[in-house]
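> all I have is the shape, not the residue letters:
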């Protein structure tokens, strides 16, 4: 089963680390990612640029508004996403609990793990409804 893992980091803590601490942290994280790939548990993922490069969209008064930066005003910002192949949620928790980012010097790292939703049936039902609507319009 696929699990989507959202990695969070306190960017100020990371930036406040020494160059040696940052390099050690990054090297340990990439080494663990390679281990997940080697064992067949890594199903994909991407790191994200800092939150200051984000844009958040909302509907306000019927119009789309764009705000610079992330939506949440929190210390931790989403830093990346990873997709895991795991037997169940407990297995996904075990895998992520070994990720070195949780041990970021001075704290500041966390992960949120959610099972991926299988939308295939919902997509097919939507196609059928949209197709039926097109048929009645003709």
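Great, that's in hand. Just so it is clear, the model here is predicted, and its values are computed rather than measured.

> which stretch of helix or strand covers residue 87?
Of the helices and strands defined by DSSP states H and E, none includes residue 87.

> for it, give me its contacts.
residue 1 (CB atoms under 8 Å, 6 or more residues apart in numbering). C-beta here means a position set from N, CA and C on the backbone, and glycine is covered the same way.

> any figure for the gap between it and residue 3?
Noted for residue 87: a distance of 10 Å to residue 3, by CB to CB, to the nearest Å.

> residue 19 too?
Residue 19 is 33 Å from residue 3, by CB to CB.

> which one's more surrounded, those two?
Between residue 19 and residue 3, counted using other CB atoms under 10 Å, residue 3 has the larger neighbour count: 22 against 7.

> from residue 60, how far off is the closest residue to the more buried one other than its chain neighbours?
Excluding the flanking residues, the one nearest residue 3 by CB to CB, 6 or more residues apart in numbering is residue 92, at 4.1 Å. Distance from residue 92 to residue 60, counting by CB to CB: 36 Å.

> tell me which of these two has more neighbours.
residue 92 (23 against 8).

> great, nothing more from me.
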